[in-house]
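Trainee: Provided below for reference: sequence and predicted model.
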Amino acid sequence: MSMPDGSPTGQMIASIVLPGAACMGRRPLLGFVMVVVGVMAPVGLAVWAYLNIDDLVGFALDPTFLNTVILVGLALLVVRFIAVAEVAHTFRRSPGIGARTLVMTVLLLGLSVPVVYAATKANQARSMVADVFAEGDGESLFVPDFPTVDPAQVTNVLLLGGDAGPGRWGERTDSMIVVSIDKETGRTALVSVPRNLTRLMFPPGTPMADEFPNGFSDLANAVFTYVSGRPALVEHYGRSGLQPEPVALAQGIGYSLGIEIDDYALVNMQGFAEVIDAVGGVTLDLTQTVPLPQDVGDVPLEVGPGMVAMDGPTAIAYARSRAADSDYQRMGRQRQLLSALGSQVSAGEALSGFGAVTGALQDTMRTSLSSGEFSALLTRLGDNSSIGESIGLAPPLVQPGSPDYVEIQGIIDAVERYVVTGTHSGYAS
C-alpha cells in the first residue's frame with residue numbers, strides 16, 4: 001500500500017485518514033498493526049453495533065461492551081498519533097517538518113474531542129453498571145419448599161417502587177409487582193402486591209419470622225423502614241452483598257405467596273421521572289380523568305381521558321395518584337405505566353439520552369439482576385403481546401386487611417400455571 005504522494009504533508013494526512021498506509025512499504029509489520037487497530041477494529045465495532053441495533057441498549061449496559069468501546073476509542077487515537085510521529089521521524093531532515101507535525105498534532109487533538117467524550121461517557125456508564133447491577137447468576141432470594149412449577153422454567157422478579165428521592169434507599173415501597181416470565185416462551189404475568197397487605201409472613205428460622213411469628217405487625221410497605229432501622233437485620237439480610245431491605249421483603253412476599261423470588265429491582269420513583277424524561281416521555285391511553293398530586297413537580301391538575309403524552313413528573317404523578325379512585329386502581333396504573341414505557345422506548349431513543357439515563361439510574365435504581373438480565377427483562381416488559389395476565393391482589397379478589405394466604409397462594413399457583421401452559425388463571429383484571 002504505497003502512497004502516490006510521497007511528500008511528508010500527504011503522508012501525514014493519509015496517516016490520519018488511514019493510519020499505517022503511509023509506512024506500509026518501509027515498516028510493513030507496524031503498518032499492518034496500525035491498519036488493524038486504527039481502522040479495521042473501529043469499523044468492525046460500528047458495523048457490529050449497526051447489525052445489533054435492536055439489542056444495543058442491552059449491550060450498552062454490558063461492562064464488556066463498554067470496556068471494548070473505551071479501548072477501541074483510545075486505540076483509534078493513539079495509532080493516529082503514532083502514524084503521524086512515524087512520518088515525522090522518517091522526514092525529520094525535511095525543511096519545515098516540525099511545523100507540519102505541529103499542525104497535524106493540533107488537528108488530531110481536535111478530532112480527539114468526540115472520541116474522548118464517547119470514551120468518558122462509556123466509563124461513566126461502566127461505573128453506573130457497577131453501582132446499580134449485581135453480578136447475576138446468584139442464588140434465588142426465596143425458594144418455596146413445594147414450588148408450583150419447575151423453578152428452572154420460570155423467572156420471578158420483584159419490582160419495587162419507593163417514594164424516596166434519588167440516592168435514598170430506606171423508604172416505604174408503595175409499588176410492589178411480581179413479574180413472572182416463562183424462560184422458553186417469554187409468556188409473562190404481572191401480579192401487584194398491595195402496599196397495605198397485612199400480616200406478611202416470613203420463612204421459618206429467619207430473624208423476621210422470629211420477631212413476627214404471626215405475621216408482620218405493620219403494612220407490607222413498611223418492611224423497608226423496619227429493616228433499615230435495625231443493624232442486626234441489616235447485617236443478616238445484607239450478607240449476600242445485596243441491599244438488605246429488598247432481600248427481607250422478597251423473602252416475605254415469596255413465602256407469603258408461595259412463589260419463588262429470583263431477583264428484585266428497586267426504583268426510587270421520584271428519580272425515575274428523570275429516566276422517563278431522558279427517553280422522551282411516555283404516552284398512555286386513559287379511559288377516565290385522573291386528578292394528579294401536586295407534590296411531584298410542575299404537573300397539571302388532571303389528565304385524560306384519551307391519549308396523553310406525559311413527561312417524567314406527570315407519569316409518576318399519574319402512577320401515584322390516590323384521589324382518582326383507590327390504592328388498588330393505582331396498582332393497575334403502575335402496571336400500565338411499566339408496560340407502556342417498555343413498549344414505547346426504542347433503542348435509538350434510549351441511546352440518544354444514554355448519558356442522562358445512566359446518571360439517573362445511578363441514583364434511582366438498585367437490583368440483584370445483572371445488566372444483561374435487566375435488559376432482557378425490559379425487552380420482555382416491552383413486548384405487550386407477551387404480557388398475558390395482569391392481576392392485583394386487591395378487593396374483591398383479596399382482602400389485604402385480613403388476607404387468607406392459603407387462598408392467595410391458590411391464586412398465585414393459577415397464575416404460575418398460566419405462565420407455563422398458557423391456560424388463563426381466571427383472575428386477570
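Mentor: Received the coordinates, thanks. Residues are numbered from 1 along each chain as shown.
Trainee: checking V178 next. Helix, strand or coil?
Mentor: strand (DSSP: H, G, I helix; E, B strand; the rest coil).
Trainee: I figured it was touching V157, is that so?
Mentor: Yes. At 7.4 Å, V178 counts as touching V157 under the criterion of C-beta atoms under 8 Å. For the C-beta atoms, the positions are set from N, CA and C on the backbone; glycine is no exception.
Trainee: shared neighbours of these two, anything?
Mentor: Common neighbours of V178 and V157, counting by C-beta atoms under 8 Å, 6 or more residues apart in numbering, are I261.
Trainee: buried set for stretch 395-403?
Mentor: Residues of stretch 395-403 classed as buried by neighbour count (16 or more other C-beta atoms under 10 Å): V398, P400, P403.
Trainee: which residues of the stretch 201-350 of the chain fall in helices?
Mentor: 207-211, 223-228, 231-237, 244-257, 269-278, 312-320, 327-344, 347-352 (DSSP state H, counting those that start in this stretch).
Trainee: R27: which of those helices is closest?
Mentor: helix 347-352 (38.8 Å; C-beta to C-beta).
Trainee: just the mean pLDDT for the closest one, thanks.
Mentor: Across helix 347-352, the average pLDDT comes to 53.
Trainee: about what we covered before: and the helices of the stretch 201-350 of the chain: which comes nearest E139?
Mentor: helix 244-257 (11.0 Å).
Trainee: and the closest one, what does it pack onto?
Mentor: With contacts taken as 3 or more C-beta pairs under 8 Å, 6 or more residues apart in numbering; DSSP states H and E, helix 244-257 sits against strand 154-162, strand 173-182, helix 207-211, helix 223-228, helix 231-237, strand 263-268, helix 405-421.
Trainee: so can I have JSON lines of the ones you listed showing mean pLDDT, mean neighbour count and distance to D145?
Mentor: Shown next, in JSON lines, are these (pLDDT from 0 to 100; neighbours: other C-beta atoms under 10 Å; distance: least, C-beta to C-beta, whole Å):
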{"stretch": "strand 154-162", "mean pLDDT": "88", "mean neighbour count": "24", "distance to D145": "16"}
{"stretch": "strand 173-182", "mean pLDDT": "88", "mean neighbour count": "23", "distance to D145": "19"}
{"stretch": "helix 207-211", "mean pLDDT": "95", "mean neighbour count": "16", "distance to D145": "14"}
{"stretch": "helix 223-228", "mean pLDDT": "91", "mean neighbour count": "22", "distance to D145": "22"}
{"stretch": "helix 231-237", "mean pLDDT": "94", "mean neighbour count": "15", "distance to D145": "20"}
{"stretch": "strand 263-268", "mean pLDDT": "86", "mean neighbour count": "23", "distance to D145": "20"}
{"stretch": "helix 405-421", "mean pLDDT": "93", "mean neighbour count": "18", "distance to D145": "12"}
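Trainee: make a markdown table out of those and add distance to G44.
Mentor: As requested, the helices and strands packed on helix 244-257 are exported to a markdown table (distance: least, C-beta to C-beta, whole Å):
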| stretch | distance to G44 |
| --- | --- |
| strand 154-162 | 34 |
| strand 173-182 | 34 |
| helix 207-211 | 52 |
| helix 223-228 | 47 |
| helix 231-237 | 45 |
| strand 263-268 | 34 |
| helix 405-421 | 40 |
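Trainee: looking at those, which is closest to R80?
Mentor: strand 263-268 (42.2 Å).
Trainee: what about the spatially closest residue to P207 that is not a sequence neighbour, distance to M310?
Mentor: Spatially, and ignoring its direct neighbours in sequence, P207 is nearest to H236 (5.3 Å; C-beta to C-beta, 6 or more residues apart in numbering). From H236 over to M310 the distance is 40 Å, taken as C-beta to C-beta, to the nearest Å.
Trainee: burial count for the closest residue to R26 other than its chain neighbours?
Mentor: Excluding its sequence neighbours, the residue lying closest to R26 (C-beta to C-beta, 6+ apart) is T90, at 7.0 Å. By the criterion of other C-beta atoms under 10 Å, T90 has 16 neighbours.
Trainee: need the contact list for L393.
Mentor: V191, S192, V193, P194, L197, P400, I408, I411.
Trainee: any regions of the stretch 101-250 of the chain where pLDDT drops low?
Mentor: Regions of the stretch 101-250 of the chain meeting the criterion pLDDT under 70 cover residues 125, 128-129, 135-138, 163-171.
Trainee: wait, I97 touches A88, no?
Mentor: Yes. Applying C-beta under 8 Å, one finds I97 in contact with A88, separated by 6.0 Å.
Trainee: how near is T367 to G215?
Mentor: Counting by C-beta to C-beta - T367 and G215 are separated by 27 Å.
Trainee: for those two, indicate the residue with more neighbours.
Mentor: T367 (26 against 16).
Trainee: ramachandran angles for the more buried one?
Mentor: Note on T367: backbone dihedrals following degrees, to the nearest 10 are phi -150, psi 150.
Trainee: is it in a bridge, and if so with what?
Mentor: A265 (DSSP bridges).
Trainee: which one is A119 nearest to, not counting chain neighbours?
Mentor: Nearest to A119 is G73, by C-beta to C-beta, 6+ apart, at 4.4 Å.
Trainee: in the protein, which helix is the longest?
Mentor: Criterion DSSP state H: the longest helix present in the chain is helix 97-132.
Trainee: from the chain's centre, how far out does that one sit?
Mentor: In terms of C-alpha atoms, centre = their mean, to the nearest Å, the gap separating the centre of helix 97-132 from the centre of its chain is 27 Å.
Trainee: could you say what helices and strands it packs with?
Mentor: Looks like helix 97-132 contacts helix 8-17, helix 63-90, helix 354-364, strand 365-367 (3+ C-beta pairs under 8 Å, 6+ apart).
Trainee: highest mean neighbour count out of the ones you listed?
Mentor: Scoring these by mean neighbour count under mean count of other C-beta atoms under 10 Å gives strand 365-367 as the most buried, with a mean of 22.
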